[in-house]
Every structure is written in C-alpha cells, then in structure tokens.
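# could you work out the structure for the sequence below:
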Amino acid sequence: YPDDNASDILDKVFSANVKTLHDTAEKMNRDMVQATVDLLARANTIYIYGIGTSAALVNDFQYRIMQLGYTALCFTDVPSMKISTMNIKPGDAAIGISHSGRTIATIEALRLAKERGAETICITSYPGSPITRECTYPIEVYTDEIQYPAEAISARIAHISVMDTITTALSALNYENTVERAKI
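Sure, this is the predicted structure:
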C-alpha cells in the first residue's frame, strides 16, 4: 500500500515468502522432483534456459550444477537459446525456468530440445501454463502473487528453493565426490 513504510513492507514480503515456501513444500509433486533429480544425474549435458527475471536464476543453477561435476550450459538470450538446441542429442536434458510459464523463447527452446530427443523439465509458478505442455517433468511452485502488481517476488524464493533441492539431492547421490570438489 502507498502508506506502508519499509518496516511494513518487510513484514509483508517476508510473510509472503514464508507462505509461498510453505505452500510449495506442501503441494509440490515430490515424485516429479525425484524424477527430475534422477534424469539430471544420468544426463549427458544439461541445457538450462530462461530470460528476463529468470536469467539470474538460470546462471546460478548452471553454476551450482557444474560445481557438482555435471556438464551444464545456460542460455539467457533468444538467439543463443535457439542455436543451442541444434546441439542437443538424446540423453541430454533441457530445463526451462519461467515464472509466468508463458515466455515464448523459453517454451520454444524446450519444444526444439524435445524434438531433438532431450528430456524436458520446467520450473514455473503457473500450473497448466504453456511451458508445462513442453515438459516431461513440470515442477510448479505455489504463490499468491497473482494478486500483487509486482512480478515474482516470493516466487523467486520458491524457484531458488526448488533449485537448491535439486542440486542438494544431486550432491547426495555422489556425496564423496561432492565433498572432494568442495575442497577445490
């Protein structure tokens, strides 16, 4: 609200984040998360796509996956997203991150990746959104942000938490290697 001071806003933002994390943990399809971890663990190359506000998340996710010893590439601009799909082969995985689930470039990259034989994954805040139709493994976070004018405030925290879950689960699969790599 216009009369809110920074303290009021802090309370509202933190409350929204906690609610989104709680709702997502409660409602999330945990079998889908496990299937995603299993897929990424055996993927030859992991391609990660996202633009706009998802670009920073994509870059962080790639870095975290590479820290674990996997081959991961990220693409955050439309021309590179399209060109990268020409290199995808069966045995690869493609992940699209889109808060709205309607980002055309990310949807198109996943569609092309699927056509080239990759398994596809998405992380989105809108169940049933167009991006989920291009994914074998849709992962959906749950947020009430539809009622707020600002985009993706608490959804971003939930997306990061999903990515943290995936990377932590991947690290647990090869714990000794993860510990050794962390020393570097």
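# mind listing the helices for the chain?
In the chain, the segments counted as helices under DSSP state H are 6-27, 30-42, 55-67, 78-84, 104-115, 153-173, 175-182.
# format those helices as a markdown table; extra columns: mean neighbour count and mean pLDDT.
Bear in mind the C-beta positions are built from the backbone N, C-alpha and C, glycine included. Shown next, in a markdown table, are those (neighbours: other C-beta atoms under 10 Å; pLDDT from 0 to 100):
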| stretch | mean neighbour count | mean pLDDT |
| --- | --- | --- |
| helix 6-27 | 14 | 91 |
| helix 30-42 | 16 | 98 |
| helix 55-67 | 18 | 96 |
| helix 78-84 | 16 | 96 |
| helix 104-115 | 21 | 98 |
| helix 153-173 | 19 | 94 |
| helix 175-182 | 11 | 78 |
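# and these as CSV, adding distance to Pro90?
Putting these into CSV (distance: least, C-beta to C-beta, whole Å) gives the following:
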stretch, distance to Pro90
helix 6-27, 31
helix 30-42, 12
helix 55-67, 20
helix 78-84, 16
helix 104-115, 11
helix 153-173, 21
helix 175-182, 25
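# which of those sits closest to Asp92?
helix 104-115 (7.5 Å; C-beta to C-beta).
# got the contact list for that closest one?
Contacts to helix 104-115, defined as C-beta atoms under 8 Å, 6 or more residues apart in numbering, come from residues 47, 49-51, 54, 75, 78, 81-82, 84-85, 88, 92, 94, 96-98, 120, 122, 130-131, 134-136.
# of the residues you listed, which belong to strands?
47, 49, 75, 94, 96-98, 120, 122 (DSSP state E).
# buried members of these into PyMOL, please.
Buried subset of the ones in strands among the contacts of helix 104-115, written as a PyMOL selection, criterion 16 or more other C-beta atoms under 10 Å:
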select buried, resi 47+49+75+94+96+97+98+120+122
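# would you turn the ones in strands among the contacts of helix 104-115 into CSV with distance to Glu26 and pLDDT?
As requested, those are exported to CSV (distance: C-beta to C-beta, whole Å; pLDDT from 0 to 100):
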residue, distance to Glu26, pLDDT
Tyr47, 30, 98
Tyr49, 28, 98
Phe75, 32, 98
Ala94, 28, 98
Gly96, 24, 98
Ile97, 22, 97
Ser98, 22, 96
Thr120, 26, 98
Cys122, 20, 98
